[in-house]
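Q: just to be clear, the model below is a prediction. Sequence and coordinates:
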Amino acid sequence: MTTSVPFESQLRQAVEDFKTEARLSKDELQHFSLSKFDDVQRVIAGIQQQQEKSRRLMYLKRIEPFLKMMTEYGKVVDTFVNASTLLAFIWGPMKFIIMVSSTLPAAFASLLKMYEQIGEQVPSLSLYKELFANTPHMQDVLVLIFKDILAFHLEAFRFFKQKVWRQLFTSTWKGFELKIMDLQNNFKRHFQLIESRASLVEYQEIQSLQQINAAKIQEIHRQSLSSRRESVLRWLSPVNTEAIHERHVRARSRNPAAGRWLVEDGRFQKWFDPVYCLSPLIWLNGPPGAGKTVLASVVIEEARKVSDISVIFFYCFRNDSRDSFVSVARGLLAQLVTHHDTLIDLLYGEMSTKSGEVILSSSDTAKRLLQVALGIRKRYIIIDGLDECPRNERKDICDWFCQVIDSLPRTDMDQIRCLFISQDDGVGRKDMSNIPAISFTFQDNRPDIQAYATARQIEIEQKFGTYERILNRVLHKTPQRSQQVTRRLLSWIACAQRPLRWQEIQAAITIDLHKESINDENLRLIDNVKDFCASLVFVDVDHIVELIHPTLRHLAYLCFPDINQTNIGARMDEAVEAGVFVFYDYAVINWSRHLLSWLPHSKESEVHEMGEQLEVMLDLHFVKSTKLHPVSQKMQENLKMLEVLDIYDSLTQIIVWTRKSNLAWISEDDTPSLDFPTITRNFRSALERISSNVSSPSTQHALEEYCGCEPFKCPKQFCQHFFRGFRKPEDRDKHVARHDRAFTCLVEGCPITTIGCTSEGDLTKHMREAHQIFDCNDFPEPPAKGPKLPKTPATFKCHQCHKRFTRGNNLQSHFITHTDERPFIGDGTKNATRKMFVCRGDLKTCGSWGCGKRFHGANTMNLYSQTDVQITRIKPLADNGATESQKPQAER
């Protein structure tokens, strides 16, 4: 019989594609190529024997339809080509999948079900041998069946090959089942083509429609995945680690060879070697200013050159968003989610059904998720600036990563490589005493520092002259107005409660307290902040400027006429377009923080002057409430300087309310002490309305200049998206919904995936009633069984009822149940009476009825006698009564 070359080439190309996409190792490739049907049968028989021994038999015959289908498929294909070499890449992955999944009963049961469903979709192919031999386009259907079976095993092989597949099973198996459903539909269509003996034209038309349909399904899955990824990233809300890294890479662009000494160091190579690692943990330490962060960027770039290894990193910094374990975990998880689709379902499921947090804040949850995520593949982890973190957070980060790496099996010890970078201080030496260290000084980096300094000096001299001349120029040699602006700009650095964007600084320096105006075009800066402050400040990719020194101008700003709850409609629109509210988000949150920071250093005369400003703010914004907020002893001590003011009581109320609002300690039903929530709603409504209906490019430019490109913001003051915002209103709405309805359904297409539930209990009820899912975790892992403790022998035996006890005092207490006596007799109380009613009596026909139990009241005994057990015990009494009633009257 002639061999159909196109048919054979298609089958062999499908196998080659499978090898490539599965990324088989040499051992796997050799093992799979030699696999046979008998190997699969032996594996199934072995699993059945193990289940018999453990008395956990499962119905393994569910796999028979698939095995029968594949056997017939092999016989049909064998008439055209040598099928054994092709089917080996069905039997090999199948054997691996079955063996691995059998270790988790829920996974094994689901897999058996899938094999059963696939096997039932394809008819007996042996009946159509003649059709395949005489109809070339029907051979293409055989190719499609083979490709779909390979696709199924490819997805399953990828899943079960993961080291952490058990932890991922619950969250990701749903998505896997959806893919398999698509394949099952393909098998149905293949069967219809074979059964109907479709002509070539019909076959081509159906194939065209199937391709269109497959493209639509793929696009739906892609959009769903993208939507879930965006939701997860909003939940993580990480810092932009890539932007920070790019800044450090640019910093050493003047000297591309910077840090090569570290890469070539033998101690570093022992950690870095991708194949063989002697030490998965290493600590790089050096003095302040020696270039540790630059070296971190060098290591990251070097690690990215290694194939088949993932690199994640984090630059710690001393502020709220970059100096804790949770912030590090959020940053690392965000990088992992971006590159590994497998993790999206895991994090999305945690966010939707368990967490209840708008932004990931739980350290325990972060640790659990990160440990699973780190186990997916080999990766390098670089954490720079540990000395920037508080003591407890620093220890937590070090200890946790050390524990995770120590818990790895010896064979996987090098799966996770972790590099810590910090100062060489006493805390670091204590936390990382057991970790190999590379200590360096300025001398190690001297050539790099010298090269950088020389290049930078040339640049500075070309623009400004020497460093002394920079200060002299910006503070003394520039026009008077420029000097004033520079001083005002520098006075905002570092004391701001959060980093400010350039447009917010613009608004701050244009505040005119006398005219009570803001963003006057005549006062706005045309030049860049670097033109005024030179290298004394820097601006990152998000237009955030690092600031220094305190001021309370924002307190006066909140007293401007336009900052008023009656400012609505066209007047509010004008104020928004004029940039009046550019500084509002910062001032409304941080006025109390600045006030509390300023008070310890203030004088009494300054307090009275500040009191006038505070009194004006109370007149404009104070809202009286019948409910008073308790003021803690510590807060009273902090506000002691304000006791000289007549408005002290009201002032304490608005300060406490503001701080509670910033910490999410105020419920929606509480009456606010200030009218800022109303002003915020009015301002945000106007901003969103104008942003959605921009009338001219000039208006668009003004809005972006004043308010940035993210006008849709969260209304919750404690949320970082209160000032950060979103580009699209739907993204903001999804975020806000999580504040109140954080638990969402996992079933695609269900409205509750968008609306959400208010509690985990409501979600469980919805899943049970709407989807007949009685547990959001359909396949929970079996609880780990600890070692059984030896049971204490019961050596104390009751001689009346033969019960046994482990302790003598329990036996003594038990003896009382066989007597009428009660050990504690009261003085005429109800509980002092004896149990006078007994469930027992003598029968006239000899014998007795009942169990002998005693009761205080007849009603209690009657209820007891109606139980199922007691009915059998008092049956003799009922039978005796029936016998008596049947006797003649004289005899009775």
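A: Sure thing, it's come through.
Q: and the strands in the stretch 651-800 of the chain?
A: Ranges of strands within the stretch 651-800 of the chain are 796-797, based on DSSP state E, counting those that start in this stretch.
Q: need the strands for this protein, in chain order.
A: In the chain, the segments counted as strands under DSSP state E are 281-286, 310-315, 379-384, 416-423, 437-439, 500-501, 544-545, 796-797, 804-805, 837-842, 848-855.
Q: quick one: closest of those strands to Thr365.
A: Nearest to Thr365 among the strands of the chain is strand 310-315; the distance by C-beta to C-beta comes to 17.8 Å. (C-beta placed from N, C-alpha, C; glycine too.)
Q: wait, what's in contact with the nearest residue to Trp657 once chain neighbours are set aside?
A: Closest residue in space to Trp657, ignoring its immediate chain neighbours: Ser673 at 3.7 Å, by C-beta to C-beta, 6 or more residues apart in numbering. Counting by C-beta atoms under 8 Å, 6 or more residues apart in numbering, Ser673 touches 622-623, 625, 629, 653-654, 656-658.
Q: looking at those, which are in helices?
A: 653-654, 656-658 (DSSP state H).
Q: can you tell me which of these is nearest Gln371?
A: When the ones in helices among the contacts of Ser673 are compared against Gln371 (criterion: C-beta to C-beta), the nearest one is Thr658, at 38.4 Å.
Q: mean pLDDT per helix and strand in this structure: which one sits at the bottom?
A: helix 467-472 (a mean of 51; mean pLDDT, DSSP states H and E).
Q: point out where the stretch 401-550 of the chain drops to low pLDDT.
A: In the predicted model, the stretch 401-550 of the chain carries pLDDT under 70 at residues 459-502, 509, 512-550.
Q: repeat that with 90
A: 403-416, 423-436, 440-550 (pLDDT under 90).
Q: again with the stretch 1-150 of the chain
A: Residues of the stretch 1-150 of the chain that meet the cut-off, pLDDT under 90, sit at 1-12, 22-27, 48-62, 64-65, 68-86, 103-107, 109-111, 113-145, 148.
Q: can you give me the helices for it?
A: Here the stretch 1-150 of the chain has its helices, by DSSP state H, counting those that start in this stretch, at 5-22, 26-33, 37-54, 64-78, 83-101, 105-121, 129-134, 136-161.
Q: please identify the deepest-packed of those.
A: helix 83-101 (a mean of 21; mean count of other C-beta atoms under 10 Å).
Q: rewinding a little: now the helices of the stretch 1-150 of the chain as JSON lines including distance to Val263?
A: Shown next, in JSON lines, are these (distance: least, C-beta to C-beta, whole Å):
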{"stretch": "helix 5-22", "distance to Val263": "32"}
{"stretch": "helix 26-33", "distance to Val263": "30"}
{"stretch": "helix 37-54", "distance to Val263": "47"}
{"stretch": "helix 64-78", "distance to Val263": "52"}
{"stretch": "helix 83-101", "distance to Val263": "39"}
{"stretch": "helix 105-121", "distance to Val263": "43"}
{"stretch": "helix 129-134", "distance to Val263": "60"}
{"stretch": "helix 136-161", "distance to Val263": "32"}
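Q: got a list of what the closest residue to Tyr128 other than its chain neighbours touches?
A: With sequence-adjacent residues excluded and distances taken as C-beta to C-beta, 6+ apart, Tyr128 is closest to Ile194, at 5.7 Å. For Ile194, the contact set (C-beta under 8 Å, 6+ apart) comprises 123, 125, 128, 131, 138, 141.
Q: is it correct that the fifth one is in contact with Phe132?
A: Yes: with contact defined as C-beta atoms under 8 Å, Met138 and Phe132 form a contacting pair (5.2 Å).
Q: just the C-alphas of stretch 438-458, formatted as CSV.
A: Extracted as CSV, the C-alpha positions of stretch 438-458 are listed here (Å, rounded to 0.1, in the frame of the first residue of the first chain):
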residue,chain,number,x,y,z
ILE,A,438,30.7,39.4,50.3
SER,A,439,31.9,42.5,52.0
PHE,A,440,33.3,45.3,50.0
THR,A,441,34.5,48.9,50.6
PHE,A,442,35.0,52.0,48.6
GLN,A,443,38.3,50.6,47.4
ASP,A,444,36.5,47.7,45.5
ASN,A,445,34.4,50.2,43.7
ARG,A,446,37.0,52.9,43.4
PRO,A,447,37.7,52.5,39.6
ASP,A,448,33.9,52.6,38.9
ILE,A,449,33.3,55.5,41.2
GLN,A,450,36.2,57.4,39.8
ALA,A,451,35.0,56.8,36.2
TYR,A,452,31.5,57.9,37.1
ALA,A,453,32.7,60.9,39.0
THR,A,454,34.9,62.0,36.1
ALA,A,455,32.1,61.7,33.6
ARG,A,456,29.6,63.4,35.8
GLN,A,457,32.1,66.2,36.7
ILE,A,458,32.5,66.9,33.0
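Q: and the least confident of the contacts of Ser673?
A: Minimum pLDDT across the contacts of Ser673 is recorded for Ser625, with 79.
Q: ramachandran angles for that residue?
A: Per-residue torsions, Ser625: phi -140, psi 150 (degrees, to the nearest 10).
Q: and it, how many neighbours?
A: 13 (other C-beta atoms under 10 Å).
Q: that one against Leu674, yeah?
A: No: contact between Ser625 and Leu674 fails when scored by C-beta under 8 Å: they sit 10.5 Å apart.
Q: and the residue nearest to Tyr128, how far is that from Ile145?
A: 9 Å (C-beta to C-beta, to the nearest Å).
Q: go on, Leu111?
A: Leu111 is 20 Å from Ile145, by C-beta to C-beta.
Q: check Ala455 too.
A: 65 Å.
Q: next: Ser685.
A: 59 Å.
Q: state the pLDDT value of Ala729.
A: Rather than Ala, residue 729 is Pro. In this model, Pro729 carries a pLDDT of 86.
Q: for Asp448, what are its contacts?
A: Here Asp448 is in contact with 252, 255, 257-259, 261, 291, 294 (C-beta under 8 Å, 6+ apart).
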